[in-house]
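> dropping the sequence and predicted coords here.
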Amino acid sequence: MPTLDDLTKRILAFRDARDWKQFHNPKDLSLSLVLEAAEVMEHFQWKNEKEMLEHLKTNKEEIGDEMADTLYWLLLMSQDFDIDILSALDRKFKKIEAKYPVEKAKGKHTKYNKL
């Protein structure tokens with residue numbers, strides 16, 4: 001199983017072999033990320049709960065492809081922006097754990113400032 005570092009290196013090699021870095025600015029990278037995330041969402045648009053569960057069962061590969069596209073852009077952005085994404089996630093978890101303590105948030109979907 002490849003690591004995030006392995007995947008990032010592969011992404012960079014793919015991009016650099018095609019000389020595409022010249023097109024990669026923060027706006028266009030972030031736009032690409034959002035567009036791919038929207039393609040994940042598209043799989044569930046207009047479906048009720050039962051339809052979504054069935055769609056998940058029968059379309060895992062296609063949904064996984066869209067999720068992989070999203071990860072591709074996220075890893076590329078983290079490299080280009082010099083952000084250690086795993087450290088950023090760790091920092092973010094510390095913030096959200098403080099905002100949503102188990103004793104106040106368990107079983108609730110209330111925003112932190114309303115708990």
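Good, I have the coordinates. Numbering: from 1, shown residues only.
> from now on I want contacts and neighbour counts done on CA atoms only, so please keep to that.
Will do.
> lowest-pLDDT helix or strand in the protein?
helix 102-105 (a mean of 93; mean pLDDT, DSSP states H and E).
> per-domain residue ranges of the protein.
4-83, 84-115 (automatic domain parsing).
> what's the span of the last one from first residue to last?
In this case it means domain 84-115. End-to-end distance for domain 84-115, by C-alpha to C-alpha, to the nearest Å: 31 Å.
> now swap in the longest one and tell me
Counting by C-alpha to C-alpha, you get 13 Å between the two ends of domain 4-83.
> distance of the residue at the greatest distance from the centre of the chain from residue 115?
In the chain, the residue that sits farthest from the middle, by C-alpha atoms, centre = their mean, is residue 103; the gap is 28.2 Å. Distance, residue 103 to residue 115, by C-alpha to C-alpha: 10 Å.
> show me what contacts residue 77?
26, 29-30 (C-alpha atoms under 8 Å, 6 or more residues apart in numbering).
> can you pull the buried residues of the biggest helix by length in the chain?
Criterion DSSP state H: the longest helix present in the chain is helix 60-80. Buried positions in helix 60-80, judged by neighbour count with 16 or more other C-alpha atoms under 10 Å: 63, 66-67, 69-77, 79.
> report the buried residues of stretch 38-54.
Per 16+ other C-alpha under 10 Å, stretch 38-54 contains these buried residues: 39-40, 43-44.
> which residues touch the helix or strand where residue 8 lies?
Assessed by DSSP states H and E, residue 8 sits inside helix 4-17. The contact list for helix 4-17 (C-alpha under 8 Å, 6+ apart) reads 21, 72, 75-76, 79.
> tally of neighbours for residue 36?
Other residues near residue 36 come to 21 when the count uses other C-alpha atoms under 10 Å.
> using TSV, lay out the contacts of residue 77 together with secondary structure, neighbour count and pLDDT.
Listed next are those as TSV, based on DSSP: H, G, I helix; E, B strand; the rest coil; neighbours: other C-alpha atoms under 10 Å; pLDDT from 0 to 100:
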residue	secondary structure	neighbour count	pLDDT
26	helix	12	98
29	helix	17	98
30	helix	15	97
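> would you reformat those residues as TSV and include distance to residue 86?
Shown next, in TSV, are those (distance: C-alpha to C-alpha, whole Å):
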residue	distance to residue 86
26	20
29	19
30	18
